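**Q** Fold the following and give me the result.
(2 chains)
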2 protein chains.
Amino acid sequence: MLNAVPTKENILEAEKRIKKFIHRTPILTSESINGISGAKLFFKCENFQKVGAFKFRGATNAILSLPKEELSRGVATHSSGNHAAALSLAAIMNGVPAYIVMPKTAPKIKIDAVKEYGGIITFCEPTLEARETELKKVVEKTGATFVHPYDNYDIIAGQATCAKEIIESVENIDYILAPVGGGGLLSGTALSAKYFGENIKVSAAEPEGADDAFRSLRDGKIYPSTDPNTIADGLLTSLSEKTFEIIENNVEEIITVSDEEIIYAMRMIWERMKIIVEPSSAVTLAAVLKQKTKFADKKIALILSGGNVDLENLPF
Amino acid sequence: MLNAVPTKENILEAEKRIKKFIHRTPILTSESINGISGAKLFFKCENFQKVGAFKFRGATNAILSLPKEELSRGVATHSSGNHAAALSLAAIMNGVPAYIVMPKTAPKIKIDAVKEYGGIITFCEPTLEARETELKKVVEKTGATFVHPYDNYDIIAGQATCAKEIIESVENIDYILAPVGGGGLLSGTALSAKYFGENIKVSAAEPEGADDAFRSLRDGKIYPSTDPNTIADGLLTSLSEKTFEIIENNVEEIITVSDEEIIYAMRMIWERMKIIVEPSSAVTLAAVLKQKTKFADKKIALILSGGNVDLENLPF
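**A** Down below sits the predicted model:
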């Protein structure tokens, strides 16, 4: 268990640890989107990762980093999204229970995903306070270890393996772009770019309706994400101390995009590439299309963070 | 230009001819769909082919097989589907015009696709007679060569390259399953299995609402597809003399599936594999799920024929 910003060695260890559990996801290109954007784009398909999201990397690394006895009591988290599903599957693959606290108003599709992956759900009122209280109770009762979705260096080291794979597969990248919500993927990406890349700039994209990370980076202090309003439901959370520190020191810029721009980019990926990505995955392409001059002719890797959508509730 | 059933040598030549124009599409697997079906499935992703469908293989081979002078006058077809888009792109990549006769009632999304790939559209009344009359006029006026979507041995040899790639990539396959509409893909698949495989059985899947090929194979004579009614809009056409002969001699069985089964399988592919396939692509998985006992533990390649759907008109 890491208690400081992951080193190069820590990320190499994380990679070794999770290798046989995760998919090395493909990197796809699209001539037509290259034509439209004027850039050379490489899409890292974490929508094809287990549980349909990059979160499985971090969750697996966090679980495998726990001391044996601690691990045997299981893990717990409060989340209604991909982290809950990822932690559930990573736990069951290692033969331990995952306790998931979810608001009772969570969409059925998310509840079903956690159930399918074997998570043990406790429902609570849909407030942050109720979630935290309920989680505390669950942890006290079971002895499970709380695994935060991103304010956790083992999680960050796990997410970092994604950018490492990109750097190994594509030569001479100018930029890696990742979405930013809580900052776990972004901070891991920035670390891998620094350790394993040569002059690779890392930027992020964020919805205008949840632009707390943009403002935090601009003003040098963490703003909480209050009343976020965006279709990119994976990017609603605030930065944490651990992710903010890494992002402040290693990320070039955060580009904000409107929901309209996100939906346009998402549709372009669906129609041109014939793959399913969730709205949160499309913010990076939206950012490239918004800043065509900046990115013209650049070689850019975009992390498609996940592919979990409700097919009965699409924005088009 | 071939005037008899393609030989092994013909298919090797077709492959060499089209190689630099087409994508060698990936073959994907899904642990969860393997679990549900009880079989070992290998999905050949022609939804990722240029123009989003296998049709680009045959169209490219047909165009490159034309004598130079004939080719210079261009090609023509009547179609509102993937063949029209494929012929248009293959033509423009070779610097010649493609004349497409389309019913004026064709969906805007299909008209736009043909336009995007540079096809020159002539609209006609939505009857078979009007199509043929209009096509004849276009051919007379321009000197273009009519390229039938499947009753054409060069087309068949081009489609055959898809199964050849499967056989090269996956060892010890028991079955290759392809959808059947006009039979171009299916007959090419059967020929490649015979020439390049070892004891590979080829079967097909067809919508119950357009089961003319099933009845044709059963009764040993071609039934026209009259008033087909299915969501699988790529499988509405009848077998032709050329495709029927090959299918009768080389295909084990045609399995029919209902639209409900097609939509269920299509949704499974979207949700589990995070890729976009059109309804016609999902008939083969629907057939496997329908005949679980027959296919239990078998190694089966399924050709996902295309990924062109109207996102504003999905069946779920």
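**Q** that's a helix at A:Arg57, yeah?
**A** Yes - counting by DSSP: H, G, I helix; E, B strand; the rest coil, A:Arg57 is found in a helix.
**Q** Count residues in the vicinity of the closest residue to it other than its chain neighbours, would you?
**A** Excluding the flanking residues, the one nearest A:Arg57 by C-beta to C-beta, 6 or more residues apart in numbering or on different chains is A:Gly158, at 4.3 Å. (Glycine included, C-beta is placed from N, CA and C.) Residues within reach of A:Gly158, counting by other C-beta atoms under 10 Å in any protein chain shown, total 34.
**Q** List the buried residues of the host helix or strand of A:Gly158.
**A** In the assignment (DSSP states H and E), A:Gly158 maps to helix A:153-169. Residues A:153-167 are the ones in helix A:153-169 that count as buried (16 or more other C-beta atoms under 10 Å in any protein chain shown).
**Q** same thing with stretch A:83-97?
**A** In stretch A:83-97, counting by 16+ other C-beta under 10 Å, buried: A:83-91, A:93-94, A:96-97.
**Q** Repeat that for stretch A:5-12.
**A** Buried, per 16+ other C-beta under 10 Å, within stretch A:5-12: A:Val5, A:Pro6, A:Asn10, A:Ile11, A:Leu12.
**Q** what does stretch A:9-22 give?
**A** Quick answer for stretch A:9-22 (16+ other C-beta under 10 Å): A:Asn10, A:Ile11, A:Leu12, A:Glu13, A:Ala14, A:Glu15, A:Arg17, A:Ile18, A:Phe21, A:Ile22.
**Q** biggest separation within the residues you listed, which pair?
**A** A:Asn10 and A:Phe21 (17.6 Å; C-beta to C-beta).
**Q** and the residue of the stretch 51-200 of chain A found nearest chain B, how far is that from A:Lys221?
**A** Residue nearest to chain B within the stretch 51-200 of chain A (C-beta to the nearest C-beta): A:Gly52, separated by 6.1 Å. Separation of A:Gly52 from A:Lys221 (C-beta to C-beta, to the nearest Å) stands at 34 Å.
**Q** Mind checking which of those two has more residues around it?
**A** Remark: of A:Gly52 and A:Lys221, A:Gly52 carries more neighbours, 26 against 11, as counted by other C-beta under 10 Å.
**Q** give me every residue that touches the more buried one.
**A** By C-beta atoms under 8 Å, 6 or more residues apart in numbering or on different chains, A:Gly52 lies in contact with A:Asn82, A:Ala85, A:Gly306, A:Gly307, A:Asn308, B:Lys274.
**Q** Select from these every entry located in strands.
**A** Judged by DSSP state E, the contacts of A:Gly52 include no members of strands.
**Q** So for A:Asp310, what's the pLDDT?
**A** Among the per-residue scores, A:Asp310 holds a pLDDT of 93.
**Q** Find the nearest non-adjacent residue to it, please.
**A** Nearest non-adjacent residue to A:Asp310, counting by C-beta to C-beta, 6+ apart: A:Ile109, 4.9 Å away.
**Q** what's the helix or strand containing the one you found packed up against?
**A** Per DSSP H and E: A:Ile109 is located in helix A:108-116. If you count contacts as 3 or more C-beta pairs under 8 Å, 6 or more residues apart in numbering or on different chains; DSSP states H and E, helix A:108-116 packs onto helix A:82-93, strand A:98-103, strand A:120-124.
**Q** can you redo those as TSV with distance to B:Lys298?
**A** Listed next are the helices and strands packed on helix A:108-116 as TSV, based on distance: least, C-beta to C-beta, whole Å:
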stretch	distance to B:Lys298
helix A:82-93	27
strand A:98-103	35
strand A:120-124	36
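**Q** Could you dump these into JSON lines with distance to chain B and mean pLDDT added?
**A** Formatted as JSON lines, the helices and strands packed on helix A:108-116 follow (distance: least, C-beta to the nearest C-beta, whole Å; pLDDT from 0 to 100):
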{"stretch": "helix A:82-93", "distance to chain B": "11", "mean pLDDT": "97"}
{"stretch": "strand A:98-103", "distance to chain B": "18", "mean pLDDT": "96"}
{"stretch": "strand A:120-124", "distance to chain B": "20", "mean pLDDT": "96"}
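**Q** Which one, of the ones you listed, ends up nearest to B:Phe42?
**A** Short answer: helix A:82-93, nearest of these by C-beta to C-beta, at 23.5 Å.
**Q** Alongside chain B, which residues does chain A contribute?
**A** By C-beta under 8 Å from any C-beta of the partner chain, the part of chain A that sits against chain B consists of A:26, A:47-48, A:52, A:267, A:270-271, A:273-277, A:307, A:311-312, A:314, A:316.
**Q** Go again with 10 Å.
**A** Neighbours of chain B within chain A, by C-beta under 10 Å from any C-beta of the partner chain: A:23, A:26, A:28, A:30-32, A:45-50, A:52, A:109, A:116, A:267, A:269-278, A:304, A:306-312, A:314-316.
**Q** what's next to the helix or strand of chain A with the lowest mean pLDDT, contact-wise?
**A** Taking mean pLDDT, DSSP states H and E as the measure, chain A has helix A:108-116 as its least confident helix or strand, at a mean of 91. By C-beta atoms under 10 Å, 6 or more residues apart in numbering or on different chains, the surrounding residues in contact with helix A:108-116 are A:51-52, A:79-82, A:84-89, A:98, A:100, A:102-104, A:106-107, A:119-121, A:123, A:233, A:308-313, B:32, B:271.
**Q** Show me how far that helix is from its chain's centre.
**A** 19 Å (C-alpha atoms, centre = their mean, to the nearest Å).
**Q** Counting neighbours, show which residues of it come out buried.
**A** Going by 16+ other C-beta under 10 Å, helix A:108-116 has these buried residues: A:Lys110, A:Ile111, A:Ala113, A:Val114.
**Q** Neighbours of A:Ile263, how many?
**A** If we define neighbours as other C-beta under 10 Å, then A:Ile263 has 18 of them.
**Q** May I ask which helix or strand encompasses it?
**A** Short version, using DSSP H and E: A:Ile263 is in helix A:259-273.
**Q** Buried residues, that helix. List them.
**A** Neighbour counts over helix A:259-273 (16+ other C-beta under 10 Å) mark A:259, A:261-271, A:273 as buried.
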